[in-house]
Structure formats: C-alpha cells, structure tokens
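> Give me a model of this one.
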Amino acid sequence: MASAAQIISLVRSHTRGDSSRFEQVALQLASDAAKRGHSKVADELRALVEEARNQSASIERTRDPIPMVRPRGELAGILTASFPSIRLSSLVLPERLDEALKRIVKEQRQREKLEDHGLNPRRKLLLSGPPGTGKTSTAAALAGELSLPLFTIELDGIITKFMGESAAKLRLVFESIANNRGVYLFDELDALGAERSTPNDVGEARRISTAFLKFLEEDRSTSLILAATNHAKLLDKALFRRFDAIFSYELPDEIQARAVIENNLTTFDLQGLDWDRLMAETKGMSHCDIARGAADAARIAVLDHDGGLDSELLVGALSERRQGHSI
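Predicted coordinates:
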C-alpha cells in the first residue's frame, strides 16, 4: 500500500509538472507492490510509466525551438536555445519575489489589455544576487509560463571569442530579439557592466558595454530581456536606468532551505530528520548547493544504505557541498 509520503510526492510532482519525479515515485510503488506479491499491479504500474515516457518523448520533440527561432548562422555561436517546461511554482523564492514575478507573467499574458490603455508590460528585467539563488531558473520559469523559447547569451564568451567584433555580434542578438519573440537571458552581465572609468577596464568590454546600453534602450520588441548579475554594485549605473524592474535574489532562509531539501527528496521518508541540525548546516549556502547536496545524499542512500536516509548522511553531503566538493 502506498505510504502517505508517496501519495504526497505523487500529487506534488504532478501539480508541478515534474514528470521525472512522478515516474520515480510510480516505479517505487511498483517495486513495493511486487515485493508484496501484487505482480499484476506492479506490471500495470510499470506499463503506465513506460506509456507516459513514450508520450513525453513525443511531446518533448515538439518542444524543441522551432526552426524559425533556432539560432542559425552566426547566431548559432552566440545563442543557446531551449524550450523550458518548468513553472514559477517549481522555484523556492521569497514570497515578495514570487509575487513580483507572477505579476510580470500576468502583464505579459494580458499585454494587449495594457496596450489598449496606453500602457506597456514590463519586459526588461535585471536579476541581481549571489550565484545559485535562482536567477537562471527564473528565466527558464518565465519562458515556461509564457510558452516561449529561452535564449541564453554568455556575454563573457562574446567578449573573449569575438575580440574586435563583439559589438557587431551583439547587434545580431538584438536583431533576433526584435524578430523572434522569446525570453533572452544575458548571463554574467558583470563581464560588461563594470564601471567604464575603472583602471582595469578592457577596451573590448567598454565597447560592448556601450553597445549593450544603446541596443537595450532602443529595443521596442515584445521579447523579454533578462540580465543576470552576481555583483550589482560593480555595474555601470547607466545600466540600471535601462531596465523596467530590478529583482534582488538572496541566500535562502531556514524555511526556504527546508523547502529546497524537501523538494529534492520527495521519495524519501524525512520524518526522522533533525531539522535544527540541518538548518544550521545550510546557513550561508545557496539554493543550488543545498539542492545538489540533497541529491548527493539521495544517491548515497539508494546505493549504499538500501534507500535509508538520515540526518548524519544529509549533513555530511551538505558539508561537502559547502566546502566545494561533491561526494
């Protein structure tokens, strides 16, 4: 019989559209049924999972960026394209930030209504905060919510790979922004956003920074333009005026840290965990590192402890992640 934890995990993964975790729990139920001698139930569950996988694979093929928006020619070396399926509900964010992002989605979905009243939806967004706190995931979730392709631009790569012609390459990106609606994420904005008057300012970075400011200000497309930075204080102040909204990301508090762990360990019994000890271990860690630490612990539990997960194992995995190691 399915445990309460398994039922909760099934419902949670379904509502969040997490097909991988849904299949994982379903197969776990099939295994439990087989152990109890209910082979018919086990076989039916496995068959349903296989059928779901085949359907998912068919759908996923259609979710590739369609040819007309897939980067081609020179853009192929500048943009990476994907079609995310995650939603904002999959992210662990502070309530104020979650509500603000939902407002962006609502404005985009009802942009014609706003335009009828002489208003424009916000679409140029600056995401600022420490690494691993959800900036890149936010871009993917916004694309998923709006059923738009996500295009990622590594600015540091443009500067180093196209020395002397980076501004021209950036123009190609903004032409794509105008011609192909999508969510465009300029990652590592720090690469071009440092104060242009600093002594160590590189000429190439200065040129592309000037071009970026110009193209961003002139853009009148319907695409969403997101820029992510880990060090907002280092940015040229002129950048801030070009964005419609600035969202600040922070390291998770205890409530969020626990939610990250629970979201990544839905197939395990967590009732006996020492949460006070775990929260002390996660202090100062990013969402990403906590999630990876939980995944590390899960793998060890499955392979070495017959699926048993305790506080000692989880604390050890988190500690390794904190020190910059994986186990």
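
> Quick check: the spatially most central residue of the chain vs Pro252, distance?
Closest to where the C-alpha atoms of the chain average out (Cα atoms, centre = their mean) is Ser137, at 1.4 Å. For Ser137, the distance to Pro252 (Cβ to Cβ, to the nearest Å) stands at 13 Å. For every residue, glycine as well, the C-beta is placed using N, CA and C.

> Likewise for Pro149?
Separation of Pro149 from Pro252 (Cβ to Cβ): 29 Å.

> ok, now Lys102?
19 Å.

> Check Leu148 and give its pLDDT.
As predicted, Leu148 sits at a pLDDT of 96.

> Would you confirm that it belongs to a helix?
No: read with DSSP: H, G, I helix; E, B strand; the rest coil, Leu148 is coil and lies in no helix.

> so it makes contact with Tyr184?
No: at 9.7 Å, Leu148 and Tyr184 do not qualify as touching, with contact defined as Cβ atoms under 8 Å.

> returning to that earlier point: what helix or strand is the residue nearest to the centre of the chain on?
Per DSSP states H and E: Ser137 is located in helix 135-146.

> Which elements pack onto that helix?
Counting contacts by 3 or more Cβ pairs under 8 Å, 6 or more residues apart in numbering; DSSP states H and E, helix 135-146 is packed against helix 95-109, strand 124-128, strand 150-154, strand 183-187, strand 224-229.

> worst average pLDDT in these?
strand 150-154 (a mean of 93).

> strands paired with that one, and their directions?
In the sheet, strand 150-154 lines up against strand 79-82 (antiparallel), strand 183-187 (parallel) (DSSP bridges).

> Can I get that strand in CSV? Just the C-alpha atoms.
Extracted C-alpha coordinates of strand 150-154, given in CSV (Å, rounded to 0.1, in the frame of the first residue of the first chain):
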residue,chain,number,x,y,z
LEU,A,150,14.6,30.7,-23.9
PHE,A,151,17.7,32.1,-25.5
THR,A,152,20.9,32.4,-23.3
ILE,A,153,23.7,34.7,-24.2
GLU,A,154,27.1,34.3,-22.4
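
> quick one: buried residues of that strand?
150-154 (16 or more other Cβ atoms under 10 Å).

> Got the phi and psi for Asp296?
Dihedral pair for Asp296: phi -60, psi -50, per degrees, to the nearest 10.

> Next, count neighbours for it.
Residues lying near Asp296 (other Cβ atoms under 10 Å) number 20.

> all numbers from here: first residue = 10
Will do, 10 is the new start, and the previous item becomes Asp305.

> How much space separates the nearest residue to it once chain neighbours are set aside from Asn273?
Leaving aside its sequence neighbours, Asp305 sits nearest to Ala326 (Cβ to Cβ, 6 or more residues apart in numbering; 4.1 Å). Between Ala326 and Asn273 the distance is 11 Å, computed by Cβ to Cβ.

> Fine by me, thanks again.
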